[in-house]
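Undergrad: Generate coordinates for the sequence data below:
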Amino acid sequence: MKIKEVRELETKDLSEKLSAEVLRLHKMKINHSVSPLENPSQIKALRRDIARMKTVLRQRELNK
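TA: Numbering: from 1, shown residues only. Below is the predicted model of the structure:
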């Protein structure tokens with residue numbers, strides 16, 4: 001997910017998507033520890049997407 005796409009989302013949608021992505025990351029990590037993923041770089045990409053979402057939420061919080 002690109003930063004432009006993240007910024008286009010409304011705050012409520014963004015926070016919901018963030019919580020869903022965090023759950024997805026936890027599941028992905030557990031699955032990877034049990035049996036290796038085909039593409040372990042997905043974990044890295046998902047972690048970065050979560051960081052982008054948190055950054056945009058924090059920016060919106062500070063701009064209020």
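
Undergrad: The residue nearest to the spatial centre of the chain: what's it in contact with?
TA: Most central in the chain under CA atoms, centre = their mean is Ile50, positioned 2.5 Å from the mean C-alpha point. The contact partners of Ile50, taken as CB atoms under 8 Å, 6 or more residues apart in numbering, are 18, 21-22, 25. Using the backbone N, CA and C atoms, a C-beta is placed for each residue, glycine as well.

Undergrad: how about 10 Å then?
TA: 1, 17-19, 21-22, 24-25 (CB atoms under 10 Å, 6 or more residues apart in numbering).

Undergrad: Could you check how far it is from Leu14?
TA: Spatial separation of Ile50 from Leu14 under the definition CB to CB, to the nearest Å is 11 Å.

Undergrad: now Lys54
TA: According to CB to CB, Lys54 and Leu14 sit 10 Å apart.

Undergrad: now swap in Leu57 and tell me
TA: Using CB to CB, one obtains 6 Å as the distance from Leu57 to Leu14.

Undergrad: neighbour count winner among these two?
TA: Set side by side, Leu57 and Leu14 show unequal neighbour counts under other CB atoms under 10 Å, the larger going to Leu14 at 19 against 16.

Undergrad: Can you check the pLDDT for that one?
TA: In this prediction, Leu14 carries a pLDDT score of 96.

Undergrad: and if you look at Pro36?
TA: pLDDT for Pro36: 93.
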